[in-house]
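**Student:** Here is the input, now give the coordinates:
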Amino acid sequence: MLPLKRRIFFKKIFEKIPTPFYFYIADEIRKRISLLLRNFSPQIEIFFSFKANSNLEILKIIRKGKCGADISSLGELFLAKKSGFKGEDIVFAGPGKKEKEIEEAIKENIFSINAESLTELKRINSISEKFKKKTRVALRINPTPSSQNSALLKMGKRETQFGIPEEILFEKKFIKEISSLKHINIEGIHLFSGTQILCPKEILDNFKYAVSLAKKLSQFFPINFIDFGGGFGVPYDYLKEHTLDINILSQGLKDILRKDPFLTKKRIIFELGRFIVAESGVFVTKVVDVKTCRRKKFAVLDGGINNLLRVSFLRENHPVINFSRTSKKEKFTLVGPLCTPLDILGEDVKLSSPKIGDLIGILNAGAYGFSESMPYFLSHLICGEYLYDEKKVFVIREPLSFQKYLKFCKKRIL
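**Tutor:** Numbering: from 1, shown residues only. Below is the predicted model of the structure:
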């Protein structure tokens with residue numbers, strides 16, 4: 001939670017900005033990166049997951065922090081190059097890579113394309129042959145449910161579109177088929193290990209499991225790197241959740257790296273998004289109405305799920321602050337201005353009793369906020385993004401009115 005002095009300081013800034021908007025504090029991002037680099041072994045590299053927050057100015061801060069880039073689209077590849085990431089520090093994952101995306105990734109000599117199926121491996125091979133190149137790839141593995149703990153189950157259970165099922169990965173027919181692809185080098189594995197994990201032991205168990213798969217695959221291919229994915233969580237409910245203990249986690253990882261000779265000189269990658277940027281951001285919106293419906297109290301805001309979808313999508317409240325007052329806290333459900341019952345930004349959250357005109361801050365909104373929103377829904381203002389850095393406030397994405405974005409909707413002959 002923000003200390004009272006900081007709330008008062010930022011409230012004065014927020015009153016000058018048209019709501020709704022996202023506001024990021026640059027030093028909070030730098031502190032997170034520094035925490036990781038200071039505690040982790042130099043062998044471990046941090047790659048930022050662009051899907052968490054793809055604002056160009058945020059990416060520049062992260063790049064200066066010596067992170068790599070975890071991308072999932074051609075647009076994110078463009079942003080990576082634009083913000084200063086080098087090809088050798090970019091990995092490309094995602095279950096539906098188009099030919100154009102693979103072509104550009106190969107042209108840019110990125111470190112790895114993480115392949116998610118036999119079809120995709122063949123596609124990468126064919127395009128590489130066209131360019132007379134050998135492309136480094138990692139096999140993204142979808143772990144078998146029986147091998148997973150609770151964290152892995154969040155992304156790997158049952159049937160999903162992600163990765164190559166572990167149970168077919170080591171079949172002779174599959175190994176023979178991918179070994180015949182002469183324009184790719186299979187040098188790594190990628191294992192997405194879950195999401196929003198707050199327990200160091202779960203992450204360490206997942207890491208050990210990824211290492212075991214890498215060892216098994218090394219019987220067939222020279223495995224030089226492990227892309228572990230990420231999953232480092234941040235607390236959204238301060239009463240029920242705790243901060244991930246980086247000291248315990250880093251010591252556990254150091255012990256594994258020190259004791260296992262297989263990992264010597266291997267490139268170890270962690271893909272982190274939420275952990276780096278979530279707590280740097282706040283979504284600020286204004287109260288336009290306060291009402292009661294059958295004993296349930298509502299605060300109607302000028303920002304909704306068109307700006308911040310995550311709360312409604314996952315039914316998971318963020319911590320919330322009323323920047324305008326510090327009166328006795330009451331339970332309110334925060335809703336947006338959209339004509340849908342899904343437009344909920346907080347269900348029965350406790351905050352200082354809101355009044356019309358109050359500024360409400362939804363915290364930990366630096367990750368999967370703007371990047372996961374649906375800004376065109378109901379043709380409201382597309383909110384702006386602002387950055388506080390070196391005691392200055394910068395506009396890093398201008399608010400966009402519906403009149404402006406209609407310029408992209410002009411009829412023309414194809």
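**Student:** Nearest residue to the middle of the protein?
**Tutor:** Geometric centre of the chain, nearest residue: residue 52, 2.9 Å, by Cα atoms, centre = their mean.
**Student:** residues contacting the residue lying closest to that residue once chain neighbours are set aside?
**Tutor:** Distances taken as Cβ to Cβ, 6 or more residues apart in numbering put residue 273 closest to residue 52, at 2.8 Å, once the chain neighbours are dropped. C-betas here are computed from N, CA, C, even on glycine. When contacts are counted by Cβ atoms under 8 Å, 6 or more residues apart in numbering, residue 273 is found next to 48-53, 70, 230, 367-368.
**Student:** next one: residue 368
**Tutor:** Going by Cβ under 8 Å, 6+ apart, the list of residues near residue 368 reads 51-53, 273-274, 278, 310.
**Student:** Mind doing that once more with 7 Å?
**Tutor:** Applying Cβ atoms under 7 Å, 6 or more residues apart in numbering, we find residue 368 in contact with 52, 274, 310.
**Student:** Which of those residues scores worst on pLDDT?
**Tutor:** Among the contacts of residue 368, residue 310 carries the lowest pLDDT, at 90.
**Student:** what's the closest non-adjacent residue to residue 129?
**Tutor:** Looking at residue 129 with Cβ to Cβ, 6+ apart, the closest residue is residue 183, at 4.5 Å.
**Student:** What about that neighbour, how many residues nearby?
**Tutor:** 17 (other Cβ atoms under 10 Å).
**Student:** downstream neighbour of the helix or strand of the chain with the lowest mean pLDDT in the secondary structure list?
**Tutor:** One helix or strand of the chain scores below all others by mean pLDDT, DSSP states H and E: helix 153-156, with a mean of 46. Later in the chain than helix 153-156, the nearest helix or strand by DSSP states H and E is strand 164-165.
**Student:** which strands and helices sit next to the following helix or strand past that following strand?
**Tutor:** As assigned by DSSP H and E, the chain's next helix or strand after strand 164-165 is helix 166-169. The elements that helix 166-169 packs onto, with contact taken as 3 or more Cβ pairs under 7 Å, 6 or more residues apart in numbering; DSSP states H and E, are strand 135-142.
**Student:** Figure out how far the strand it packs on is from the centre of its chain.
**Tutor:** Averaging C-alpha positions (Cα atoms, centre = their mean, to the nearest Å) puts strand 135-142 20 Å from its chain's average.
**Student:** And the average pLDDT for that strand is what?
**Tutor:** Strand 135-142 comes out at a mean pLDDT of 96.
**Student:** Now tell me what touches that strand from outside.
**Tutor:** So strand 135-142 is contacted by 93, 106, 111-116, 121, 124, 128, 156, 160, 162-166, 169, 183-191, 213, 227 (Cβ under 7 Å, 6+ apart).
**Student:** Keep only those of those that are in helices.
**Tutor:** In helices, defined here by DSSP state H, the members of the contacts of strand 135-142 are 106, 121, 124, 128, 156, 166, 169, 213.
**Student:** Just give me the least confident of those.
**Tutor:** Where pLDDT dips furthest among the ones in helices among the contacts of strand 135-142: residue 156, at 47.
**Student:** low-scoring stretches of the stretch 1-150 of the chain, by residue?
**Tutor:** Within the stretch 1-150 of the chain, the stretches with pLDDT under 70 are 1-5, 145-150.
**Student:** 80 - rerun?
**Tutor:** Within the stretch 1-150 of the chain, the stretches with pLDDT under 80 are 1-7, 144-150.
**Student:** thinking again about what came up before, quick one: contacts for the residue nearest to the centre of the chain?
**Tutor:** Residue 52 makes contacts with 273-274, 277, 367-368, 371, as judged by Cβ under 7 Å, 6+ apart.
**Student:** Contact partners for the closest residue to residue 82 other than its chain neighbours?
**Tutor:** Nearest non-adjacent residue to residue 82, counting by Cβ to Cβ, 6+ apart: residue 56, 6.3 Å away. By Cβ under 7 Å, 6+ apart, the contact set of residue 56 is 79, 82-83.
**Student:** Write a ChimeraX command that selects only the buried members of those residues.
**Tutor:** The ChimeraX command for the buried members of the contacts of residue 56 (criterion: 16 or more other Cβ atoms under 10 Å) is given here:
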select :79,83
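**Student:** Would you tell me what helix or strand the residue lying closest to residue 40 once chain neighbours are set aside is located in?
**Tutor:** Of all residues not flanking residue 40 in the chain, residue 250 sits nearest, at 5.2 Å (Cβ to Cβ, 6+ apart). Element membership for residue 250, per DSSP H and E: helix 246-259.
**Student:** which residues touch that helix?
**Tutor:** With Cβ under 7 Å, 6+ apart, helix 246-259 has contacts from 35, 39-41, 43-44, 200, 203-204, 207-208, 263.
**Student:** same check, this time on stretch 7-22
**Tutor:** Residues outside stretch 7-22 that contact it (Cβ under 7 Å, 6+ apart): 281, 283-286, 302-303, 307, 321, 323, 359, 365, 369-370, 383-386, 393, 399.
**Student:** Give me the buried stretch members for that stretch, please.
**Tutor:** Residues of stretch 7-22 classed as buried: 7, 10-11, 14, 17, 19-22 (neighbour count, 16+ other Cβ under 10 Å).
**Student:** Quote the end-to-end distance of that stretch.
**Tutor:** 15 Å (Cα to Cα, to the nearest Å).
**Student:** Then stretch 121-139?
**Tutor:** The first and final residues of stretch 121-139 sit 9 Å from each other (Cα to Cα).
**Student:** List the buried residues for that stretch?
**Tutor:** Buried residues in stretch 121-139 (16+ other Cβ under 10 Å): 121-125, 127-128, 135-139.
**Student:** Show me the beta-bridge partners of residue 285.
**Tutor:** Under the criterion DSSP bridges, residue 285 forms beta bridges with residue 360.
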